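Undergrad: sequence first, predicted coordinates after that:
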Amino acid sequence: MFESYYGFTSAPFALNPDPGFYFASKGHSRALSYLQYGVYQREGFIVVTGEIGSGKTTLVRTLLQGLNPADIVAAQISNTQLDSNELLHAICQAFGIPVAGYTKSYLLGALENFLTSVAAQGRRALLVVDEAQNLGLREMEELRMLSNYQFEDHALLQSFLVGQPELRQLLKSVALEQLRQRIIASCHLGPLSPAEVRSYVEHRLAQVGWKGDDPSVSDGAFVAIHRHSGGIPRRINLLCTRVLLATWLAEARVIDEEAVEVAADEMRSETFTDEEPPTVGQAPAGPVLVKKLP
């Protein structure tokens, strides 16, 4: 398709979260630094929130890719439409612990034994819970209880809670006061600025061999991409893929504002809406370091 037409080595705007395409925007760079700090603390909860498609999973995978597997055993769960028992099963499965036919009490013991064996090896366990905004109060409390496991003088399990902005509202619940006291770092990913959208698009293209002139992209095209995407990376990827496809079909070598407008109009009609994608409001002022555990 258009990849070979433009000499790209792969699709520049694929939707799958790929650390190889990580873009160090101001917000993402600060968030990564705070997350690295949180991991260094070796305990407690780290919270990452952002709008749908803002790059949360890519950020976390970039962080995990930089960790030494000889030091950290990481597990991730993405399906969070679970009750507390199902959540425990999912956590055990993510760490490779057999769950079939076992009671909750048995699984709690098996998980503690596993975490203790990891610590005895001089390693530590990290759990990433994606789409954490879907969890209920009981399930959040289950995660807090797991954070109580200790080996000698340090915690056996550290957890990342990754989710949409609703997660921040959930964590304000009075019932989660004890969990809030264990949050050591928190960050929120907001939209990219117009200048960052341009840099993001150029970065993704450069990763697949783009030299800046085939296709050439006009200044107006970058402005239109920001306008129609709201600065959200996933929306940028969807729109740019459609623009490249249309340009390839037209056997063109230039992407201008009109090409972006046409692609955006087509995408709106295909998603059964006449409205522009909503412009995402500004996030809280960057990542927020919450507190160090007592």
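TA: Yes, it's here.

Undergrad: show me what the helix or strand that contains Y34 is packed up against.
TA: Element membership for Y34 (DSSP states H and E) is helix 26-41. Helix 26-41 is packed against strand 45-50, helix 56-65, strand 183-189, with contacts defined by 3 or more C-beta pairs under 8 Å, 6 or more residues apart in numbering; DSSP states H and E. Where C-beta positions appear, they are placed from N, C-alpha and C, glycine not excepted.

Undergrad: what is the orientation angle of it with helix 56-65?
TA: Angle of helix 26-41 versus helix 56-65, following axes from the mean of the first three to the mean of the last three C-alpha atoms, to 10 degrees, is 40 degrees.

Undergrad: avg pLDDT for helix 26-41?
TA: For helix 26-41, the mean pLDDT works out to 87.

Undergrad: what's the answer for stretch 168-182, then?
TA: Mean pLDDT, computed over stretch 168-182, is 95.

Undergrad: other residues contacting it?
TA: Stretch 168-182 is contacted from outside by 43-45, 47, 49, 133, 135, 137, 140-141, 143-144, 147, 161, 183, 188, 291, 293, using C-beta atoms under 8 Å, 6 or more residues apart in numbering.

Undergrad: what's the angle between the helix holding Y34 and strand 183-189?
TA: 160 degrees.

Undergrad: what ranges do the helices span in the stretch 51-200 of the chain?
TA: For the stretch 51-200 of the chain, applying DSSP state H, counting those that start in this stretch gives helices covering 56-65, 84-94, 104-120, 137-146, 166-171, 177-180, 194-207.

Undergrad: how is the protein carved up into domains?
TA: 2-21+192-270, 42-189 (automatic domain parsing).

Undergrad: out of the ones you listed, nearest to S29?
TA: domain 42-189 (9.9 Å; C-beta to C-beta).

Undergrad: of the contacts of stretch 168-182, just the buried ones, ChimeraX syntax please.
TA: Command for ChimeraX that selects the buried part of the contacts of stretch 168-182, burial taken from 16 or more other C-beta atoms under 10 Å:
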select :43,44,45,47,49,133,135,140,141,143,144,147,161,183,188
